[in-house]
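Trainee: Next comes the sequence, and after it the predicted model I'd like to discuss.
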Amino acid sequence: MDEVSHCAAILNALRDPALIVNPEERVFAANSAFRSLMPSARDGETLPFVIRSPDIFDAVRRVLGGGKAECANWRE
């Protein structure tokens, strides 16, 4: 199992939509719940293209910048 498949398998154990973003702010892996909400999202796409939420994008930038883990909510 490659790294992306392994991460996706772990994420798929979660009921809530979830994704992993790499240091370049690109989608690395996402679970089925996330993909059902955002069917056009593809691995490798930049986060602002996939989710147009400044709150989530800012939280990801803080974490990637060395901050603590965060939880961000997104609603449309």
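Mentor: Good, I have the coordinates. Here the structure is a predicted model, which is why all the values come from computation and not from measurement. Residues are numbered from 1 along each chain as shown.
Trainee: how close does residue 56 get to residue 19?
Mentor: Distance, residue 56 to residue 19, by C-beta to C-beta, to the nearest Å: 10 Å. Every residue, glycine included, has its C-beta placed from N, CA and C.
Trainee: more neighbours, those two?
Mentor: Neighbour comparison, residue 56 and residue 19: the larger count goes to residue 19, with 23 against 19 (by other C-beta atoms under 10 Å).
Trainee: you'd agree that one is up against residue 26?
Mentor: No. With contacts counted by C-beta atoms under 8 Å, residue 19 stays clear of residue 26, the gap being 10.4 Å.
Trainee: how would you label residue 27: helix, strand or coil?
Mentor: The three-state label given to residue 27 by DSSP: H, G, I helix; E, B strand; the rest coil is strand.
Trainee: At which residues are the helices of the protein located?
Mentor: Listed in chain order, the helices of the chain (DSSP state H) span 3-11, 32-37, 47-50, 54-64.
Trainee: Return the most buried member of those helices.
Mentor: Among these, judged by mean count of other C-beta atoms under 10 Å, the one packed with the most neighbours on average is helix 47-50 (a mean of 17).
Trainee: hmm, who's touching that one?
Mentor: Contact with helix 47-50 is made by 19, 21, 25, 26, 27, 38, 41, 56, 57, 60, as judged by C-beta atoms under 8 Å, 6 or more residues apart in numbering.
Trainee: let's see it at 6 Å
Mentor: Helix 47-50 has contacts (C-beta atoms under 6 Å, 6 or more residues apart in numbering) with 21, 25, 27, 41, 57, 60.
Trainee: Switch these over to CSV; also include pLDDT.
Mentor: Output for these, formatted as CSV (pLDDT from 0 to 100):
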residue, pLDDT
21, 89
25, 91
27, 92
41, 86
57, 85
60, 88
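Trainee: Where does the prediction get shaky in the protein?
Mentor: For the chain, the stretches with pLDDT under 70 are 76.
Trainee: ok, what's across the strand from the most centrally placed residue in it?
Mentor: Centroid-nearest residue in the chain: residue 19, 2.7 Å away (criterion: C-alpha atoms, centre = their mean). Counting by DSSP bridges, residue 19 is bridged to residue 30.
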